[in-house]
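K.L.:
Next comes the sequence, and after it the predicted model I'd like to discuss.
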Amino acid sequence: MSNKWDRPEQPPPPLFLGKKERDLVKQVNDELIEHVIGQQILYYPIDMERTNFHDMYGEAVEKTFLSPIRVMALVKFDNEATSYLEGAGIDSDSAITVHFHKRRLTEDQNLFVREGDFILYGKTYYEIVKLSEPRKLFGQVDQTFEINATCKRARRGLFNAT
């Protein structure tokens, strides 16, 4: 008599998380971001081929950027802080957090968000200083659907879009 409780060769697919469900989440997020709550930004990616990176440190003193790409995202204005710098006077700084829809960027726009790239939001340029992928689709570890970019306002003269 065979044991009908033998372990299957492969585990069953995750409950409620097939391709159809992932595509539905993408479609709903696309519609919300594009037509309801999203804000437009211009994304300036670094030109990896024409930028001269240091061989050992991987950094570049002068970066070359590709043409800007219009991206719809959810932008949260974090804070504006004023501080006093000894001998220099008052300094003002601001930050934003940009919530990107990961599949919209990678599949539809062929764009990959990186630290060091620049964003134009309103009339202000911001540099991406930190990235995270905090949201998991239905708690599945390998299914992230959001990229958060923490951005600091770029100093005048640091970035020239022309």
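P.N.:
Good, I have the coordinates. Residues are numbered from 1 along each chain as shown.

K.L.:
In stretch 115-132, which of the residues would be classed as buried?
P.N.:
By 16 or more other CB atoms under 10 Å, the buried positions in stretch 115-132 come out as 117-121, 125-128. Every C-beta, even on glycine, is put in place using the N, C-alpha and C of the backbone.

K.L.:
can you tell me which of those residues are in helices?
P.N.:
Per DSSP state H, helices hold no members of these.

K.L.:
Where strands are concerned, which of these count?
P.N.:
118-121, 125-128 (DSSP state E).

K.L.:
how about TSV for these, with pLDDT and distance to residue 34 added?
P.N.:
What follows is these, written out as TSV (pLDDT from 0 to 100; distance: CB to CB, whole Å):
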residue	pLDDT	distance to residue 34
118	93	23
119	94	18
120	94	19
121	93	17
125	92	24
126	94	22
127	93	25
128	94	22
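
K.L.:
got those as CSV, with distance to residue 10 columns?
P.N.:
Below are these laid out as CSV (distance: CB to CB, whole Å):
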residue, distance to residue 10
118, 45
119, 43
120, 47
121, 46
125, 49
126, 45
127, 45
128, 39
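
K.L.:
A helix includes residue 20, no?
P.N.:
Yes. Under DSSP: H, G, I helix; E, B strand; the rest coil, residue 20 sits within a helix.
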